[in-house]
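[1] Below is the sequence, then the predicted model.
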Amino acid sequence: MLAAVGVLTLGTAFLQMKLILLPLWTQSAVTPNTLLGPLATLAISIGAPFPKAWIRRATAGLVLVIACGGFALLPFGRAAVFIGVAMVLRMVSDHVNGENSALRREAFLLRYRSRLLHQQRISQLASLERLAKVDSLTGIANRRAFDTCLMEHLARALPSQPVCVALLDVDYFKALNDTAGHLSGDECLRRIATSLRKAAGAALVARYGGEEFAVLFPLVEGEEMMPRLEAFRQAVLALDIRHLGRDGERVTISIGGTLAVGPENSRVVLDRADHALYRAKANGRNRVEFEPIATHQAPTAQDLRRLHNAALSGAKRLPERTEARQHA
């Protein structure tokens, strides 16, 4: 609407300017009618689509000057008609100005509301993203957040800056749950998570599932992994939580850790840490074990021939390595 009014105003202004200059082109006598009428119409029309304060004041002043000139130069009757028409046109101009102002205010409110809704949506999406990466029970990172961070760290791992990955499991947690109940078990997990988070510093601590936690942190050159993992075990031991499922014992954790010195598959690294955790459980629990990086050698031609002969003869001589995990 504003654009249409602007086009009409420009057209009207152009026509009025032609009327003002018409006596000069035709070399006819200049009368008040040929001069004041176009000036009044031009002054009123210019103020219509551009309702700025200074334009309104300038237009009102120009109309007042034209009105006074009309009374001075024209007969009273014609001057009164001229001024009346000018005032009607001015009222129409003010109405258009008011409508334009209302439309601008409404457009501003709509833009402001749209901006608020956009910001609110961004805030809600950020909150949902945070909730999707936080464990609801303990308040620390969940498995999804840990897996994402693990892949990012493994992509940047170097021999001079290895990445430590460790799995932590609460010892005999099933006995605690069965004896004291799930509420006591949940409270125990919350206290352990808080203690691990305080001991972690800049490291990432996440609840990996059930009573199992995971820790991830890079090592600077010359830094050792085992003292940092031992600090986690000592932090839980310092809580001095009475194990209601085992008389006279306190709640402890077993830790299995490993290192990644280059880009690796996250499943391979977690499998090494899991093997170390199994060994910590098998060796008496409440301890830290380390699983080194396996160095696999390619089978020789003799090994392949022996395996082929064993398959043909039906003799199943392939060594099988089985490890049964001891559930807490």
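    That came through fine. Numbers count the residues shown, from 1 in each chain.

[2] would you list every one of the helices in the stretch 101-250 of the chain?
    143-156, 173-180, 182-200, 226-237 (DSSP state H, counting those that start in this stretch).

[3] In a markdown table: those helices, plus mean pLDDT and mean neighbour count.
    Backbone N, C-alpha and C define where each C-beta goes, glycine included. Below are the helices of the stretch 101-250 of the chain laid out as a markdown table (pLDDT from 0 to 100; neighbours: other Cβ atoms under 10 Å):
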| stretch | mean pLDDT | mean neighbour count |
| --- | --- | --- |
| helix 143-156 | 92 | 16 |
| helix 173-180 | 90 | 18 |
| helix 182-200 | 93 | 17 |
| helix 226-237 | 94 | 17 |
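
[4] In TSV: these, plus distance to residue 167.
    Output for the helices of the stretch 101-250 of the chain, formatted as TSV (distance: least, Cβ to Cβ, whole Å):
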stretch	distance to residue 167
helix 143-156	10
helix 173-180	14
helix 182-200	12
helix 226-237	10
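
[5] Could you check the ones you listed and tell me which one is nearest residue 251?
    Nearest of the helices of the stretch 101-250 of the chain to residue 251, taken as Cβ to Cβ: helix 182-200 at 6.1 Å.

[6] for the helices of the stretch 101-250 of the chain, which one sits closest to residue 258?
    Distance to residue 258, taken as Cβ to Cβ, is lowest for helix 226-237 among the helices of the stretch 101-250 of the chain, at 10.5 Å.

[7] what packs against the closest one?
    strand 163-170, helix 182-200, strand 212-218, strand 253-260, strand 288-290 (3 or more Cβ pairs under 8 Å, 6 or more residues apart in numbering; DSSP states H and E).

[8] The helices of the stretch 101-250 of the chain: which one's closest to residue 219?
    Of all those, helix 226-237 comes closest under Cβ to Cβ, at 8.3 Å.

[9] What values do phi and psi take at residue 238?
    phi -70, psi -20 (degrees, to the nearest 10).

[10] burial count for it?
    11 (other Cβ atoms under 10 Å).
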